[in-house]
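Student: Any chance you could fold what I've pasted below:
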Amino acid sequence: MAAPRLDPDLAPIVDNASPALKIDFSKLEPFETAKQMRAAQIEADVPADPDIAVEDLEIAGPHGPIKLRVYRPKGAGRGALISFHGGGWVIGTIGTDHPRAMALARASGTIIISSDYRKSPEHSFPVPLDDARFAANWVADNADALGVDRAKLGLSGVSAGGNLAAAVALAMRDEGRVTPKFMYLLYPVTDADFSRGSYQDFAGGPVLTRNMMEWFWNQYVPNHADRDNPLASPARAASFANLPATLIQSAEMDPLRDEAEYFGVKLREAGVDVTCTRYAGGVHGFLNYGLNFPIGMRATAEAAQAVRAALA
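Tutor: You can find the predicted model right below:
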């Protein structure tokens, strides 16, 4: 089998990330490191779109306020996709995910509700998940006031946010109060297992390394026994039956590739309608970094079509 070849448009992104690949995260003090990482994150200033109304909300969650951002394209139906940003459960905000959410709302013509959540290490498992579960249930419970259809809700997440979305889907299935119609996972974290082939092949990156992911897991789920809990590692669920139809997008050159695709296999084996697309030459975060590159536009178009078909 030929060795993976990096998408040439992503080369500058990989070059910019290269200094971080040499850091031994295991030797870093968690709280100060998290503080520095958050200080360095960029919330992109995306021009307003007259065809998309953007509204910021704050709801009273189980551990304090949770910020939501609602994207409502002109002419959108009442279906809505509840989305959780990435960042290793440590960094990221609805602001850092704003460009991607705007692009998906524009391309799909569907309401996107982006939800924040508390971050680790200050708030370890299950607090970020508690926030995500509460936000999803709050949207369902307040569907009429939000102008959305409770029967046409989807869940979505990027990387660590994909982990939360999958866990919320499992929890919602087991609670039986709300049944999401669709799930969209973008290079999701699904299992605290660093032995899979993609973890070996891309242990040193590009962009994301095994060392980084071990550190992120140590912040989110420091108690290793908790990592067997399917709400922490959704790929370890006892059953995958009755989960919503799902689109999974993985990146070829990503340590998380195999666990993302394994989750898709388990869903398919349980009779769930699954599409799993591996983006050749892609690296972790390729859609966030490369929205305007061909690889990013293809991934956005695929997601938009799936979201529109499921939630229209």
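Student: CA atoms for contacts and neighbours, from now on please.
Tutor: Fine.
Student: which regions of the stretch 1-150 of the chain sit below the pLDDT cut-off?
Tutor: 1 (pLDDT under 70).
Student: any weak-confidence spans in the stretch 201-312 of the chain?
Tutor: Short version for the stretch 201-312 of the chain, where the test is pLDDT under 70: none.
Student: mind listing the helices for it?
Tutor: Using DSSP state H, counting those that start in this stretch, the helices of the stretch 201-312 of the chain run over 210-220, 257-269, 286-289, 294-311.
Student: What is the last one packed up against?
Tutor: For helix 294-311, the packing partners by 3 or more CA pairs under 8 Å, 6 or more residues apart in numbering; DSSP states H and E come out as strand 80-84, helix 98-108, strand 182-186, strand 245-253, helix 286-289.
Student: Give me whichever of these is most buried.
Tutor: strand 80-84 (a mean of 30; mean count of other CA atoms under 10 Å).
Student: Let me see the residues that make contact with that strand.
Tutor: Strand 80-84 is contacted from outside by 94, 110-116, 132, 136, 148-149, 152-158, 161-162, 164-165, 307, 311, using CA atoms under 8 Å, 6 or more residues apart in numbering.
Student: Stretch 127-138 too?
Tutor: 61-63, 66, 82, 84, 89, 115-120, 164-165, 167-168, 171, 178.
Student: Tell me the buried residues within the residues you listed.
Tutor: 61, 66, 82, 84, 89, 115-120, 164-165, 167-168, 171, 178 (16 or more other CA atoms under 10 Å).
Student: Give me the subset of the residues you listed lying in strands.
Tutor: Counting by DSSP state E, those place 61, 66, 82, 84, 115 in strands.
Student: between those residues, which is nearest Ala235?
Tutor: When these are ranked by distance to Ala235 (CA to CA), Phe84 comes first, at 18.1 Å.
Student: Ala60: what's it in contact with?
Tutor: Neighbours of Ala60 in contact, by CA under 8 Å, 6+ apart: Ile66.
Student: same thing with Ser114?
Tutor: Counting by CA under 8 Å, 6+ apart, Ser114 has contacts 68-70, 82-85, 94, 101.
Student: What is the most widely separated pair among these?
Tutor: Longest span within the contacts of Ser114, CA to CA: Val70 and His85, 13.7 Å.
Student: Apart from its neighbours in sequence, what residue is nearest Ala301?
Tutor: Ala107 (6.8 Å; CA to CA, 6 or more residues apart in numbering).
Student: Just confirm the one you found contacts Val307, I think it does.
Tutor: No. Ala107 is not in contact with Val307 according to CA atoms under 8 Å; the separation is 9.7 Å.
Student: residues contacting the closest residue in space to Val307 that isn't next to it in sequence?
Tutor: Nearest residue to Val307 in three dimensions, chain neighbours excluded: Ser108, at 6.5 Å (CA to CA, 6+ apart). By CA under 8 Å, 6+ apart, the contact list for Ser108 reads 303-305, 307-308.
Student: next one: stretch 239-255 to chain centre, how far?
Tutor: 11 Å (CA atoms, centre = their mean, to the nearest Å).
Student: Repeat that for stretch 24-39.
Tutor: 21 Å.
Student: Please apply the same query to stretch 218-230.
Tutor: Distance, centroid of stretch 218-230 to centroid of chain: 18 Å (CA atoms, centre = their mean).
Student: Tell me which residues of it come out buried.
Tutor: 218-222, 227, 229-230.
Student: Is it possible to get CSV of those that adds distance to Pro255?
Tutor: Output for the buried residues of stretch 218-230, formatted as CSV (distance: CA to CA, whole Å):
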residue, distance to Pro255
Asn218, 17
Gln219, 18
Tyr220, 18
Val221, 19
Pro222, 20
Arg227, 18
Asn229, 21
Pro230, 20
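Student: just those residues now: which is nearest Met253?
Tutor: Asn218 (23.0 Å).
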